[in-house]
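[1] kindly return the folded structure for what I paste below:
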Amino acid sequence: MILLSSSLQSFIQLLGVLLIFVFVLFITYFVTKWIGNFQKLQIHRGSLRVVESIQIAANKYIQIIKVGDVYLVIAVGKDEVTMLTQLTGEQLGITEDMTDEDTVSGKGTAGSIAAQETFQEVMNRLKGHFPKKQD
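    As a prediction, this is how the structure comes out:
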């Protein structure tokens, strides 16, 4: 009789622990969704937006960011960020009728830039801003 009672208590404890575990998973799921939506709203409210990004090496990127009405081309490394140049919307081929959502998602820039200049042409233009390396 004592053995049966002990087994029943163990089973009830197991069910209790499983219910608590499912409850914690449920709460975690909804809190994660809430935080994600909150962060998405914060990103869209800010004045900084990443328009386009390309990886050029491990842990090294070139990004075009929009700061207010100005577009900056920056190089991002593991421990440093360097501003390469400043561009206008016309140089990127961004028109006034394009929404910020199009620019952030890349829909507005990729086709426009490809129609005007290739990436190689942009890089060649940027090379003129840097001093020549002497051996």
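[2] which strand or helix spans residue 32?
    helix 2-45 (DSSP states H and E).
[3] ok now that helix, how far from the chain's centre?
    The chain centroid and the centroid of helix 2-45 are separated by 29 Å, computed with C-alpha atoms, centre = their mean, to the nearest Å.
[4] so after that helix, what's the next helix or strand?
    strand 48-57.
[5] in that following strand, what counts as buried?
    49, 51-52 (16 or more other C-beta atoms under 10 Å). (C-beta placed from N, C-alpha, C; glycine too.)
[6] flag every buried residue along the helix or strand following it.
    Downstream of strand 48-57, the first helix or strand assigned by DSSP H and E is strand 60-67. Within strand 60-67, the residues scored as buried using 16+ other C-beta under 10 Å are 62-66.
[7] centre of the chain to stretch 65-75, how far?
    Using C-alpha atoms, centre = their mean, the offset of stretch 65-75 from its chain centre is 15 Å.
[8] quick one: end-to-end length of that stretch, please.
    11 Å (C-alpha to C-alpha, to the nearest Å).
[9] could you list the domains of the chain?
    1-45, 48-127 (automatic domain parsing).
[10] and the helix holding residue 32, what's its mean pLDDT?
    For helix 2-45, mean pLDDT rounds to 88.
[11] okay, the domains of the chain in CSV with distance to residue 134 next?
    What follows is the domains of the chain, written out as CSV (distance: least, C-beta to C-beta, whole Å):
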stretch, distance to residue 134
domain 1-45, 43
domain 48-127, 15
